[in-house]
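S.K.: With the sequence up front, the predicted model follows.
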Amino acid sequence: MSNLKDLENKILAFRDERDWEQFHTPKNLAISLSLEASEVLEHFQWKTDEEVKEYIKTHKEEIGDELGDVFNYLLLLAHATDIDIIEAAENKIVKSAQKYPIDKAKGSAKKYNEL
């Protein structure tokens, strides 16, 4: 199993072997990230919650491929913008905890400004 830095290095090597860095601008990577996330959504569109449960059982590999694309583009975008994605995620958890205190947010789907 790879750690995050090993995975990033594999993705960068894959990119560099194909001379694709020239296309991997932050703008293009952000667009690609959004497009791939939309491809994840296609797997669930128009399905009921019950249908989704069954669909996942028989389409795990395809969904995993799309999640892998999203994750890879996320890592490439973080690399291109010199953002430590682990640090960014940890910082976001702290900020979210302030917006959504347990005593107000527990069990609620309301947005922080509605709590």
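M.R.: Structure's in. What do you need?
S.K.: Can you report phi and psi for D82?
M.R.: phi 60, psi 40 (degrees, to the nearest 10).
S.K.: The biggest helix by length in the chain: which residues count as buried?
M.R.: Secondary structure of the chain per DSSP state H: the longest helix is helix 60-80. By 16 or more other CB atoms under 10 Å, the buried positions in helix 60-80 come out as 63, 66, 69-80. For every residue, glycine as well, the C-beta is placed using N, CA and C.
S.K.: and those residues, which two are the farthest apart?
M.R.: Taking CB to CB as the measure, the buried residues of helix 60-80 span a maximum distance of 25.9 Å, between I63 and A80.
S.K.: hmm, back to that, can you give me the offset of the longest helix of the chain from its chain's centre?
M.R.: From the chain centre to the centre of helix 60-80 is a distance of 7 Å (CA atoms, centre = their mean, to the nearest Å).
S.K.: what's it packed up against?
M.R.: helix 4-17, helix 26-42, helix 85-99 (3 or more CB pairs under 8 Å, 6 or more residues apart in numbering; DSSP states H and E).
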